[in-house]
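Visitor: Here is my input; please provide its structure:
(2 chains)
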Number of protein chains: 2
Amino acid sequence: MNELINRQYYLASRPVAQPTPAEVPFRDVPVAEPAEGEAVIRNMYISLDPAIRGWMGEANNYIEPIAIGDAIRSSVIGRVVKSNSDLLAVGDVVMSLGGWENYTTGPAAGMNKLDEHSAVPLSNFLSVLGPTGLTALFGLLEVGKPKAGETVLVSAAAGAVGSIVGQIAKMQGCRVVGMAGSNDKCAWLTDELGFDEAINYKTCGDYEAAIGKACPEGVDVYFDNVGGEILDAALMCLNKFARVTVCGWISSYNDADAPGPKNLWQLVAESVTVQGFAVIDYMDRFPEGVGQLAEWVMAGKLQFKEDIVDGLDNVLPTFLKLFEGANKGKLIIRIPE
Amino acid sequence: MNELINRQYYLASRPVAQPTPAEVPFRDVPVAEPAEGEAVIRNMYISLDPAIRGWMGEANNYIEPIAIGDAIRSSVIGRVVKSNSDLLAVGDVVMSLGGWENYTTGPAAGMNKLDEHSAVPLSNFLSVLGPTGLTALFGLLEVGKPKAGETVLVSAAAGAVGSIVGQIAKMQGCRVVGMAGSNDKCAWLTDELGFDEAINYKTCGDYEAAIGKACPEGVDVYFDNVGGEILDAALMCLNKFARVTVCGWISSYNDADAPGPKNLWQLVAESVTVQGFAVIDYMDRFPEGVGQLAEWVMAGKLQFKEDIVDGLDNVLPTFLKLFEGANKGKLIIRIPE
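Guide: Sure thing, here's the model as predicted:
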């Protein structure tokens, strides 16, 4: 068998702002041989998520930072090309923690077999039926705890997580208001996803006034994907006992000196709960969650978009689209077989 | 009957920093006559709490701000001198929402009769058996939710609320670490109240290092009375699923431009819950709470200090002691009869 060559984007140094090609260069190296219990997969899909930016940093996080010199970590779907484990056979398709690379070598026990002939496209297991959908589901229902009749505000609402959060909130009987960065995105939220209102944060002017107008009865749950000034404005619109669900603060990921929120005194004024979470907190409930999401998808109750870009060499510029709000739906790199 | 004259400290304008005598001057005015259903009390004790600084400001809060021209609002204990209600008779002693004034006129239904011949001094109903004790009890147990074996960190630990929080946390089987502003206060916490460790924040140097050393297994509950840099340091020491109970942020009450916390990204990194509360959220459970606190006091399990200053005319400089950390225990103004 010819030696397989692995193109791999790796962490040369920790980015100070937006990751650059000097900080995240590539190298072509031999594919690591599978040790006992390991397998090698040829990656077909690579998931691009805001959280990856956190793993590039030094700070401790819910999982270990990426070590200098290691491939950039990412969820992937791939096909087994070598196996040194009874758990997997060559040809199996699996979902796994992998990297920005053509091949990933790792423990077979951490690779979950997918049925490539099922009714749903494989890429869905990285989006609506994967970490993205599960983040929306558990973050909204378990952390935000919306009740029928309450108002739910979602930032980055046209994003992969936000668009699913809003639709699930509608199914709970809530008034749902989304914030997004273009009129097109806003129209998608209201006309196709059933949001009650959408705010174009790039043109709305004063955030607090815009949120106040779209949420005349105040905000009971704010599902926060962005932080920064929108969080400060949302804090001023919260009702008594409101919940702020912190999924991530993308506005500050590339800016270590971003100021903290100024309006946190609202926590005491309105007895507010601000709760951060990571989807892996709910790992023992993933099967239940995927089942619920699949049921909604099959019933046509949950729409979602995937923004699929071909070619591993597009991975870094495509990743940066997340921070520009340039994507609509879940960003995925596809590496054609 | 001679007309009664009421010396009253009132809000002339909203303070921009520490309230000054120009912003909170006094006036001598006739005591308001009681309307139908009202009574007049001669105040004996006036409670001084950090929250009063919030009520002097414009921002919306859990109760209405004090209107310009109105007496500074405060919990008081007084004796009925006139009654226009069947609920109260002249001579009764009551606890009520009142003001920084010699006499308060208000609805008799909002005045709760106290037994002045009970075993506990009347002033206790403004401290350990009043809003202070109830804030500590419900804030710690219902918001912080400490479990036996966990580590509880308390700021302003020698203060009225903090000192009670720490003792209740010890009764829950927790490791308890307090932060206070002098060696004397720290010695009181460890030697007399049973705290496991105390940190003198004025001399300890780097807060994060000091907290890390005193909490080798990390912090599970941070009961926050101060905000600011100590909050930022505590955030860095939190364990997974930690709870930050926000009782108040005294460090910023006199500084509208205080920067927000920088380390809130820890919320997502460690799936942390930050929850604000006000004791009135638990109003329907006050009888239960007072009963529990009284039981502990009678059994000698709960110590507390009252810092009682005589004379209404000392009210403003005494109030400012709160922000200098110059008090030890609950600050109360006594107006001798």
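Visitor: Every contact and neighbour count from this point should use C-alpha atoms.
Guide: Will do.
Visitor: measure A:Val219 to A:Gly212 for me?
Guide: 9 Å (CA to CA, to the nearest Å).
Visitor: more crowded one of these two?
Guide: A:Val219 (27 against 17; other CA atoms under 10 Å in any protein chain shown).
Visitor: I'd assumed A:Val154 was in contact with the more buried one.
Guide: No: the pair A:Val219 and A:Val154 fails to qualify as a contact (CA atoms under 8 Å) at a distance of 10.2 Å.
Visitor: Burial check on A:Val29, number of neighbours?
Guide: 11.
Visitor: What helix or strand is it located in?
Guide: strand A:26-30 (DSSP states H and E).
Visitor: List the buried residues in that strand.
Guide: Neighbour-count burial for strand A:26-30 flags A:Phe26 (criterion: 16 or more other CA atoms under 10 Å in any protein chain shown).
Visitor: What's the first helix or strand after it?
Guide: Counting by DSSP H and E, what follows strand A:26-30 is strand A:38-47.
Visitor: Is chain B within reach of the helix or strand following that following strand?
Guide: Tracing the chain past strand A:38-47, the next element assigned as helix or strand by DSSP H and E is helix A:51-55. No: residues of helix A:51-55 are not located near chain B by CA under 8 Å from any CA of the partner chain, the shortest gap being 9.2 Å.
Visitor: Report all helices and strands that helix A:51-55 contacts.
Guide: Judged by 3 or more CA pairs under 8 Å, 6 or more residues apart in numbering or on different chains; DSSP states H and E, helix A:51-55 is in contact with strand A:73-83.
Visitor: Show the average pLDDT along the strand it packs on.
Guide: Strand A:73-83 shows a mean pLDDT of 96.
Visitor: residues making contact with that strand?
Guide: A:34, A:37-48, A:52, A:55, A:66, A:88-100, A:108, A:122-123, A:126 (CA atoms under 8 Å, 6 or more residues apart in numbering or on different chains).
Visitor: In ChimeraX, how would I select just the buried ones from those residues?
Guide: In ChimeraX syntax, the buried subset of the contacts of strand A:73-83 is picked out as below (16+ other CA under 10 Å):
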select /A:34,38,39,40,41,42,43,44,45,46,47,48,52,55,66,88,89,92,93,94,95,96,97,98,99,100,108,122,123,126
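Visitor: Now A:Phe195: which helix or strand?
Guide: Counting by DSSP H and E, A:Phe195 is found in no helix or strand.
Visitor: my read: it touches A:Lys170, true?
Guide: Yes: counting by CA under 8 Å, A:Phe195 touches A:Lys170, with 7.3 Å between them.
Visitor: hey, where'd the strands end up in the stretch 201-337 of chain A?
Guide: A:219-224, A:238-246, A:273-276, A:306-310, A:330-334 (DSSP state E, counting those that start in this stretch).
Visitor: Dump those strands to TSV, plus mean pLDDT and distance to B:Phe319.
Guide: What follows is the strands of the stretch 201-337 of chain A, written out as TSV (pLDDT from 0 to 100; distance: least, CA to CA, whole Å):
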stretch	mean pLDDT	distance to B:Phe319
strand A:219-224	98	35
strand A:238-246	96	28
strand A:273-276	96	29
strand A:306-310	94	59
strand A:330-334	95	55
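Visitor: export those to a markdown table and tack on distance to A:Gln292?
Guide: Below are the strands of the stretch 201-337 of chain A laid out as a markdown table (distance: least, CA to CA, whole Å):
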| stretch | distance to A:Gln292 |
| --- | --- |
| strand A:219-224 | 20 |
| strand A:238-246 | 21 |
| strand A:273-276 | 23 |
| strand A:306-310 | 20 |
| strand A:330-334 | 19 |
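Visitor: how about the residues of chain A that lie near chain B?
Guide: So far as CA under 8 Å from any CA goes, chain A lies against chain B at A:60-62, A:246-249, A:258-278, A:281.
Visitor: follow-up on the earlier one: pull up the overlap in contacts between A:Phe195 and A:Lys170.
Guide: A:Val176.
Visitor: what does stretch A:300-315 contact?
Guide: A:100-102, A:127-128, A:160, A:163-164, A:167-168, A:193, A:293, A:296-297, A:318, A:327-336.
Visitor: and that stretch, which residues are buried?
Guide: So, applying 16+ other CA under 10 Å, buried residues of stretch A:300-315: A:302, A:304-306, A:308-309, A:312-313, A:315.
Visitor: Now it - C-alpha only, PDB.
Guide: The C-alpha trace of stretch A:300-315 is given here as PDB (Å, rounded to 0.1, in the frame of the first residue of the first chain):
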ATOM      1  CA  GLY A 300     -41.000  19.300   8.400                       C
ATOM      2  CA  LYS A 301     -41.100  21.300  11.600                       C
ATOM      3  CA  LEU A 302     -37.500  22.300  11.600                       C
ATOM      4  CA  GLN A 303     -35.700  24.000   8.700                       C
ATOM      5  CA  PHE A 304     -32.000  24.600   8.600                       C
ATOM      6  CA  LYS A 305     -29.300  25.600   6.100                       C
ATOM      7  CA  GLU A 306     -25.900  24.200   5.500                       C
ATOM      8  CA  ASP A 307     -23.300  26.400   3.900                       C
ATOM      9  CA  ILE A 308     -21.000  23.700   2.400                       C
ATOM     10  CA  VAL A 309     -17.700  24.800   0.900                       C
ATOM     11  CA  ASP A 310     -15.600  22.300  -1.100                       C
ATOM     12  CA  GLY A 311     -11.900  21.800  -0.500                       C
ATOM     13  CA  LEU A 312      -9.700  21.500   2.500                       C
ATOM     14  CA  ASP A 313      -7.500  24.400   1.400                       C
ATOM     15  CA  ASN A 314     -10.500  26.800   1.800                       C
ATOM     16  CA  VAL A 315     -10.800  25.900   5.500                       C
END
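Visitor: how about the CA coordinates for stretch A:330-337, as PDB?
Guide: The C-alpha coordinates for stretch A:330-337 follow below in PDB (Å, rounded to 0.1, in the frame of the first residue of the first chain):
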ATOM      1  CA  LYS A 330     -24.000  25.700   9.400                       C
ATOM      2  CA  LEU A 331     -20.600  26.100   7.800                       C
ATOM      3  CA  ILE A 332     -19.100  22.800   6.700                       C
ATOM      4  CA  ILE A 333     -16.000  22.000   4.600                       C
ATOM      5  CA  ARG A 334     -16.500  19.100   2.200                       C
ATOM      6  CA  ILE A 335     -13.500  17.100   0.900                       C
ATOM      7  CA  PRO A 336     -14.800  15.200  -2.200                       C
ATOM      8  CA  GLU A 337     -13.700  11.500  -2.100                       C
END
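Visitor: Give me the domain ranges for chain A.
Guide: Residue ranges of the domains in chain A are recorded as A:5-127+A:305-334, A:131-280, according to automatic domain parsing.
Visitor: any idea which of these is most buried?
Guide: domain A:131-280 (a mean of 21; mean count of other CA atoms under 10 Å in any protein chain shown).
Visitor: Can you get me the start-to-end distance on it?
Guide: First residue to last in domain A:131-280 (CA to CA) measures 9 Å.
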